[in-house]
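Undergrad: Sequence and predicted structure below; questions after.
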Amino acid sequence: MKIAYLGPVGSHSSIALKNMCPNDEGVPYPNFREEVKAVLRGEVDACILPIENTLQGGVLQNLDLLQAYPLIAVEEYTLRIVHKLIYRRGTKLKDIKRIYSHEQAIGQCSDFLLEVVPQAEVIAVESTAKGVSMISSATDAGIGSELLVTDGLDAYAGEIANEPNNFTHFLLVVPEEEGKFRHSERVFLVAVCPNRPGSLVGLLEIISKAGLDMTKIESRPIKQNPGTYSFFIEFKGDYLSETVQKVVADMRDYCLGLKIIGTY
């Protein structure tokens, strides 16, 4: 298969792809939206999307993409993230003026950036690998994987993430019609509740009464309808089982809208 990922080679998405699909061909794209568009256009068979980080929570842009387009996740993978501050060999921390990286990595290393290199301007770019590629002088640095430390570069030896237990949850995403009807260990869906008191409690009771274990919930405001929210919910269960099929049917009847976005 051809699988889109946030490039270039050396990004955390490329590492996740190599571990998830070692025998498939990776195709780099500059941002997550272009990955999704490539799947929808048929340029690639699937794409890799980070969906949640233990330090920053859900990757909101990708939750929105899964809700908006006819896509479904069919496999999950958790990658331990070890961020490194990367710079030209011989550079002193006090001389760094600009640090480039993806916004997620910047947020995950915010304490280090404020305490150790407060003089540096922090600039968000498309990916961690892109940020490291922009190191052009002794006053530049990037945040990324140690795999990005090539000839002439060096990395800060210590831990720079806010917390050492830093993991990112990735999903392998395919066109909806190819992955919707399959056995699974977990089901991931997005639901829009009625805008009335206790509506979320009522929705969650459907899962609870069926004896299913909910493993994740994330809310997103609906931009076109202030005060209304989408709820991204993951629970354990085989999507094709009678129990889960009944739960999904009951949730559809209860909600203003529901979309299955993952069976893995």
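TA: Now that the structure is in, tell me what you want to look at.
Undergrad: you'd agree Phe181 is in a strand?
TA: No. The assignment for Phe181 (DSSP: H, G, I helix; E, B strand; the rest coil) gives coil, which keeps it out of a strand.
Undergrad: For it, which non-adjacent residue is spatially closest?
TA: Closest residue in space to Phe181, ignoring its immediate chain neighbours: Leu240 at 7.0 Å, by Cβ to Cβ, 6 or more residues apart in numbering. All C-beta spots, glycine's among them, are computed from the backbone N, C-alpha and C.
Undergrad: so Lys97 sits right up against Ala120, yeah?
TA: Yes. Counting by Cβ atoms under 8 Å, Lys97 does reach Ala120; the two are 5.9 Å apart.
Undergrad: So which of the two has more stuff around it?
TA: Shown here are Lys97 and Ala120; by other Cβ atoms under 10 Å, Ala120 has more neighbours (19 against 13).
Undergrad: I'd guessed Phe235 sits against Thr215; true?
TA: Yes. Look at Phe235 against Thr215 with Cβ under 8 Å: they come within range, at 6.2 Å.
Undergrad: Name the SS class of Glu63, please.
TA: For residue 63 the amino acid is Leu, not Glu. helix.
Undergrad: just to revisit the earlier point, list residues touching both of Phe235 and Thr215?
TA: Arg186 (Cβ atoms under 8 Å, 6 or more residues apart in numbering).
Undergrad: okay, these two: which has more neighbours?
TA: Neighbours were counted for Phe235 and for Thr215 using other Cβ under 10 Å; Phe235 has more, 20 against 12.
Undergrad: Need the per-residue pLDDT for that one.
TA: Phe235 carries a pLDDT value of 97.
Undergrad: Over to Lys180?
TA: Model confidence at Lys180, given as pLDDT, is 67.
Undergrad: and Glu221, how many neighbours?
TA: In this structure residue 221 is Pro, not Glu. 11.
Undergrad: who touches it in this structure?
TA: Pro221 touches Thr228, Tyr229, Ser230, counting by Cβ under 8 Å, 6+ apart.
Undergrad: Tally up the residues packed near the closest residue in space to the first one that isn't next to it in sequence, please.
TA: In space, Thr228 comes closest to Ile222 once its chain neighbours are excluded; the distance is 4.6 Å by Cβ to Cβ, 6+ apart. A count of neighbours around Ile222, defined by other Cβ under 10 Å, yields 15.
Undergrad: With Arg196 instead?
TA: 7.
Undergrad: Let me know the secondary structure of it.
TA: Using three-state DSSP, the structure places Arg196 in coil.
Undergrad: That one and Ser219, how far apart?
TA: 16 Å (Cβ to Cβ, to the nearest Å).
Undergrad: Show me the domain layout of the protein.
TA: Residue ranges for the domains of the chain, per automatic domain parsing: 2-80+166-179, 84-155, 186-263.
Undergrad: Quick check: mean pLDDT of the second one?
TA: I take that to be domain 84-155. For domain 84-155, mean pLDDT is 94.
Undergrad: From Asp140, how far out is the residue nearest the centre of the chain?
TA: For the chain, the residue whose C-alpha lies nearest the mean C-alpha position (Cα atoms, centre = their mean) is Pro50; its distance is 2.0 Å. Per Cβ to Cβ, Pro50 is found 25 Å from Asp140.
Undergrad: so is the residue of the chain positioned farthest from its centre in a helix, a strand, or just coil?
TA: Ranked by distance from the centre of the chain (Cα atoms, centre = their mean), the top residue is Gly90, with 34.0 Å. Here Gly90 is recorded as coil under three-state DSSP.
Undergrad: Lys259 against Val192, yeah?
TA: No. Assessed by Cβ under 8 Å, Lys259 is found out of contact with Val192, at 9.1 Å.
Undergrad: residue contacts, Thr263?
TA: Applying Cβ under 8 Å, 6+ apart to Thr263 gives the contacts Ile72, Ala73, Val74, Gly179, Lys180, Arg182, His183, Ser184, Arg186, Val187, Phe188, Tyr239.
Undergrad: need the contact list for the last one.
TA: What it means is Tyr239. Phe181, Arg182, His183, Ser184, Val187, Gln245, Val248, Ile260, Thr263.
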